[in-house]
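**Student:** Requesting a structural model of the entry that follows:
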Amino acid sequence: MRLILAEDVALLRQSMAVALTGAGFTVIGEAASADALVAMVDADRPDVAVIDVRMPPTYTSEGVRAALDIRAGQPRVGVLVLSQYVETVYALQLLEQSGAGVGYLLEDRVTALSTLTEAIEAVARGGSVIDREVVRRLLRRQRRADPLDELTEREREVLALMAEGRSNHAIASHLVMGHKTVETHIANIFGKLNLPPAADGHRRVPAVLTYLRSLPAGDAAPGTS
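**Tutor:** Coordinates of the predicted model:
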């Protein structure tokens, strides 16, 4: 299998090349910058490019941008991005453009050569390899996309009582809090659910609908039928 390695630190790049060569791969090129990597891939068409996420000149996202350029221009070339940090934005960019033939691993989890070689082989076959910590962060990020996840526990309690059809006075009595405090919680709920200014009665309906949609199938808010 033919590889091109992209890593700006020469010692790391050379050490990786030696290790992968010993594991049976053929390293046909080594790049110290993203531009050099893209040029090598265009000229030599490797099976997989192994890329450090942060490269010169800014050491931010050059590696990912190069990976995206490679996938756009040479979709048969697999890309495996190695990152020192969990950067879900970059992982999402790779997955959204092409979930096949891409990989994103954290460098500190590649503690054995077998981990790296297995990832390269999977990417070369058209599979995807995403570090489990990145997956965990992505799932947590998706959960945060639920508008109700922005609410505090008390705001959720207030919204649940609103779903029961209780008035502000009844909510205040049930939760043993002042009427003004209830109004503040309700205002916060409307704001976090991005409900535009309107009469509170009009905004209660979409707020309650958002709450009901969040309930598991078959469940209903207490007091509803």
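
**Student:** going forward, measure contacts and count neighbours with C-alpha atoms only.
**Tutor:** Noted.

**Student:** Helices of the chain, residue ranges please.
**Tutor:** 10-22, 34-44, 62-73, 88-97, 113-124, 132-144, 153-163, 168-175, 179-192, 200-214 (DSSP state H).

**Student:** so how far is the second one off the chain centroid?
**Tutor:** Using C-alpha atoms, centre = their mean, to the nearest Å, we find the averaged C-alpha position of helix 34-44 to lie 27 Å away from the chain's own average C-alpha position.

**Student:** tell me the angle it makes with helix 62-73.
**Tutor:** Between helix 34-44 and helix 62-73, the angle comes out at 30 degrees (axes from the mean of the first three to the mean of the last three C-alpha atoms, to 10 degrees).

**Student:** Just the buried residues of helix 34-44, please?
**Tutor:** Residues of helix 34-44 classed as buried: 34, 37-38, 40-41 (neighbour count, 16 or more other C-alpha atoms under 10 Å).

**Student:** circling back: from the helices of the chain, which stretch is densest packed?
**Tutor:** helix 62-73 (a mean of 21; mean count of other C-alpha atoms under 10 Å).

**Student:** about what we covered before: could you provide the helices of the chain in TSV, with additional columns for mean pLDDT?
**Tutor:** Below are those laid out as TSV (pLDDT from 0 to 100):
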stretch	mean pLDDT
helix 10-22	95
helix 34-44	95
helix 62-73	90
helix 88-97	72
helix 113-124	91
helix 132-144	63
helix 153-163	88
helix 168-175	92
helix 179-192	90
helix 200-214	69
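
**Student:** With distance to Val81 added, can I get those helices in JSON lines?
**Tutor:** Shown next, in JSON lines, are those (distance: least, C-alpha to C-alpha, whole Å):
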{"stretch": "helix 10-22", "distance to Val81": "14"}
{"stretch": "helix 34-44", "distance to Val81": "12"}
{"stretch": "helix 62-73", "distance to Val81": "7"}
{"stretch": "helix 88-97", "distance to Val81": "9"}
{"stretch": "helix 113-124", "distance to Val81": "10"}
{"stretch": "helix 132-144", "distance to Val81": "12"}
{"stretch": "helix 153-163", "distance to Val81": "39"}
{"stretch": "helix 168-175", "distance to Val81": "51"}
{"stretch": "helix 179-192", "distance to Val81": "36"}
{"stretch": "helix 200-214", "distance to Val81": "36"}
